[in-house]
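Peer 1: Provided below for reference: sequence and predicted model.
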Amino acid sequence: MSNTAAAERELVPAATGGVQSVDRALRILEILARSGESGVTEVAAALEVHKSTAFRLVATLEQHGLVEQVEGRGKYRLGVGLLRLAGATSARLDVVQEARPLCKQLATATGETVNLATLSGGSALYLDQVAGPSALQPHNWVGQHIPLHATSNGKVLMAWLEDDELKQLLGRLPSYTGLTITSRAALRKELELVREQGYALAVDELEVGLAAAAAPVRNAHGDVVCSVSVSGPTFRLTDERMQRVLPLLVEASDELSHRLGWGAR
């Protein structure tokens with residue numbers, strides 16, 4: 001047997017075990033959701049595993065705040081960490097629901113595709129998309145991650161970050177076209193411009209022939225929580241037409257911000 005084949009055989013059980021552990025951890029959460037409280041012995045019986053295995057899984061979930069011990073009873077219940085995760089999902093859904101009618105209006109007014117995006121790790125995650133009447137079979141970006149440095153949405157989402165947060169995101173800046181910004185210094189200068197003018201542009205930076213503009217959406221605390229963008233082919237979104245689109249875009253993003261509590265008196 002070759003060394004490669006032996007290595008592959010060694011890797012298979014480890015990978016399978018990892019997936020199995022995730023599956024068991026999720027089942028523990030389901031067990032606690034049904035029962036309210038359960039001890040390690042009960043969890044082990046439900047999973048059909050040794051008690052020590054169940055304890056390790058429960059202890060790991062406890063470290064992440066997903067389960068917690070019921071004081072003095074030796075049992076576990078779902079932890080407040082789940083509320084944090086659920087709250088993040090709920091907040092995103094709230095933004096999408098508030099944004100949808102405004103995005104529809106903006107798509108109708110501009111004729112182009114309107115996207116709603118948020119920062120997710122080291123990329124921009126598209127939460128929603130509305131196609132305007134001029135958009136012919138647009139690519140569906142919902143649920144997809146796109147690079148920050150090569151897109152108008154990404155630039156907006158980076159522009160108002162604290163410096164230490166920005167440093168963590170500014171790793172390698174791959175080139176997608178000849179106009180993609182690949183220098184950290186140049187990108188920082190671009191983000192300064194975004195902050196000054198209140199919107200970002202990206203023309204032929206992610207894809208040749210694609211133009212986009214984005215503006216920030218703020219929550220009640222003034223934090224930029226997502227961005228709204230208008231995108232379309234460069235032959236339609238010329239410099240002249242972009243100047244007519246930008247006021248509509250900024251107006252829509254400001255209105256969404258106000259609906260989320262920003263500037264409320």
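Peer 2: Received it, and whenever you're ready, just let me know what you need. Numbers count the residues shown, from 1 in each chain.

Peer 1: low-scoring pLDDT stretches of the protein, where are they?
Peer 2: The chain contains residues with pLDDT under 70 at 1-18, 72-73, 83-93, 136-139, 264-265.

Peer 1: how is it partitioned into domains?
Peer 2: Using automatic domain parsing, the domain parsing of the chain gives 3-79, 89-259.

Peer 1: so of these, which one's packed in deepest?
Peer 2: domain 89-259 (a mean of 18; mean count of other C-beta atoms under 10 Å). In this view, the C-beta of every residue, glycine as well, is placed from N, C-alpha and C.

Peer 1: which residues in the stretch 101-250 of the chain form helices?
Peer 2: All helices of the stretch 101-250 of the chain, identified by DSSP state H, counting those that start in this stretch, fall at 152-159, 163-169, 184-197, 239-259.

Peer 1: which secondary structure elements does the last one sit against?
Peer 2: It refers to helix 239-259. On a contact count with 3 or more C-beta pairs under 8 Å, 6 or more residues apart in numbering; DSSP states H and E, helix 239-259 meets helix 81-110, strand 210-218, strand 224-233.

Peer 1: how close does residue 202 sit to residue 96?
Peer 2: Applying C-beta to C-beta, to the nearest Å, the value for residue 202 to residue 96 is 22 Å.

Peer 1: so the residue nearest to residue 79 when sequence neighbours are not counted, which of the three states?
Peer 2: Distance criterion C-beta to C-beta, 6 or more residues apart in numbering; nearest residue to residue 79, sequence neighbours excluded, is residue 68 at 4.1 Å. Following DSSP: H, G, I helix; E, B strand; the rest coil, we place residue 68 in the strand state.

Peer 1: for residue 68, list the residues it contacts.
Peer 2: If you count contacts by C-beta atoms under 8 Å, 6 or more residues apart in numbering, residue 68 has them with 62, 76, 77, 78, 79, 80.

Peer 1: between these, which is closest to residue 161?
Peer 2: The shortest approach to residue 161 among the contacts of residue 68 belongs to residue 80, at 27.1 Å (C-beta to C-beta).

Peer 1: from residue 53, how far off is the spatially most central residue of the chain?
Peer 2: With distances taken as C-alpha atoms, centre = their mean, residue 120 lies nearest the centre of the chain, 3.1 Å away. Going from residue 120 to residue 53 by C-beta to C-beta gives 33 Å.
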